[in-house]
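1. let's see this in three dimensions:
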Amino acid sequence: MRILYAGLLLCVALIGLATLHFMQPSSEALIRQANAEGELRIYGNADTDAVQPLIESFRARHPGITIHYEDINSTALNARFLSETAAGRPGADLVWSSAMDLQAKLINDGYAQSYRSPEASALPASAVWRDMGYGVTAEPVGFVYNKRLIAPDQVPRTHEALEALLRDRREALMGQVITYDPARSNLGYLQLTQDFAITRDTRSLLQAMAATRPQLSAMTNPMIDAVAEGRAAIAYNALLPYAVERAETDARIGVVLPEDYTLIVSRVAFIPRDARHPAAAKLFLDHMLSREGQALLARQWLPPVRTDLAAGGLEAERARPIRGGPQLFVNLDPVKRRRFLADWDAILAEGAAAR
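-> A predicted model of the protein is given here:
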């Protein structure tokens, strides 16, 4: 599975880099305005190393624009953006996060400005919301496991199989399962709410997981580190691009795209209403969505969303893209969120008390 996924990304990258002359150009007027601004500040939650080739490519085309990229946890990113905006000192010119629900709410609440990128025609309709929010990637979510601790014939290929493994090997896996803490990671919260929306069996799976007294993490990389180092045997709902990249050089790690359904997360970008350098932000957004930009992201294991690059991959009936827009607001309602997290805490407490 890892080889198939890696092969797809490599193919996408080669196609994209071989066809740069087909990219839709930004207007000359926009380029002049962006160069006059001379600066761009991006808040994102993609690893700096993964974004660096994209930034360097942009700098080569527009050397007069200085880029400041800050890698911030999605929950902290949202809080910082809101506090800075409320204080009248906007810091971000482009906000790019995998917390799709928080991004959608910010857009809906009037914090974004409209911009129709010339690259929009190459994107699926679901990736563009009101010409304000743009889905930039299509990242699968799945399981990551330690090959020494999980035998080949025990590797779960579905959510049902994972639950069976957790129940059958509960004692052996005690403290050896890791997943996002939905109270600290909005991405983890988003993914869990989507799991519940897809199947009623999610509760049973979480109960089986809770009985192993799982480790909880606010970010993806610590989860992968724990699996690689044997401090955890398996990670649930991990963003797989990071895991696949790590697995290429770390033989201890195995990756599973679940065969029953695979959630697909998109990192959504928007330009704030009060951005100080809006032209530079528009220019960089165009670059992110271009064939060149998408191919560069693919080489860093961030799969492209463009329809002319994202050929192959998961079967349509298996992929479950998380769609942006107002349908994501439901679970952000404070009352619903408190109830959901209280239910999560109750499941964990019940698991901790199980004998």
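2. how many neighbours does the closest residue to K336 other than its chain neighbours have?
-> Using C-beta to C-beta, 6 or more residues apart in numbering and skipping the chain neighbours, the partner closest in space to K336 is V330 (6.6 Å). Where you see a C-beta, it was placed from the backbone N, CA and C, and this is true even at glycine. Using other C-beta atoms under 10 Å, the number of residues around V330 comes to 12.
3. quick check on V330: phi, psi?
-> V330 adopts backbone torsions of phi -50, psi -50, taken as degrees, to the nearest 10.
4. isn't it right up against R339?
-> No: using C-beta atoms under 8 Å as the test, V330 is too far from R339 to be in contact (11.8 Å).
5. who's in contact with A211?
-> A211 makes contact with L166, R167, R170, G351, A354 under the criterion C-beta atoms under 8 Å, 6 or more residues apart in numbering.
6. what of F81?
-> Y43, G91, A92, V95, L106, Y111, P272.
7. which one of these is nearest to Q33?
-> Taking C-beta to C-beta as the measure, Q33 lies nearest P272 of the contacts of F81, at 16.5 Å.
8. right, and the closest one touches A112 too?
-> Yes: assessed by C-beta under 8 Å, P272 is found in contact with A112 at 6.4 Å.
9. show me the helices in this structure, by range?
-> For the chain, the helices defined by DSSP state H occupy 2-18, 28-37, 48-61, 74-86, 100-108, 159-168, 186-198, 202-210, 220-228, 240-247, 278-289, 291-299, 334-353.
10. please name whichever of these is nearest to V136.
-> Closest to V136 of these is helix 278-289 (C-beta to C-beta; 5.4 Å).
11. show me the contacts of F81 that map onto strands.
-> When DSSP state E is applied, the contacts of F81 are split such that Y43, V95 fall in strands.
12. which of the contacts of F81 count as buried?
-> For the contacts of F81, a burial check counting by 16 or more other C-beta atoms under 10 Å picks out Y43, G91, A92, V95, L106, Y111, P272.
13. let's see stretch 72-80 as CSV, backbone CA atoms only.
-> Taking C-alpha atoms only, stretch 72-80 is exported to CSV below (Å, rounded to 0.1, in the frame of the first residue of the first chain):
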residue,chain,number,x,y,z
ILE,A,72,1.5,26.5,14.1
ASN,A,73,-0.8,23.8,15.6
SER,A,74,-4.2,24.3,14.0
THR,A,75,-6.0,25.1,17.2
ALA,A,76,-3.4,27.6,18.3
LEU,A,77,-3.3,29.1,14.7
ASN,A,78,-7.1,29.8,14.8
ALA,A,79,-6.9,31.4,18.3
ARG,A,80,-3.9,33.5,17.3
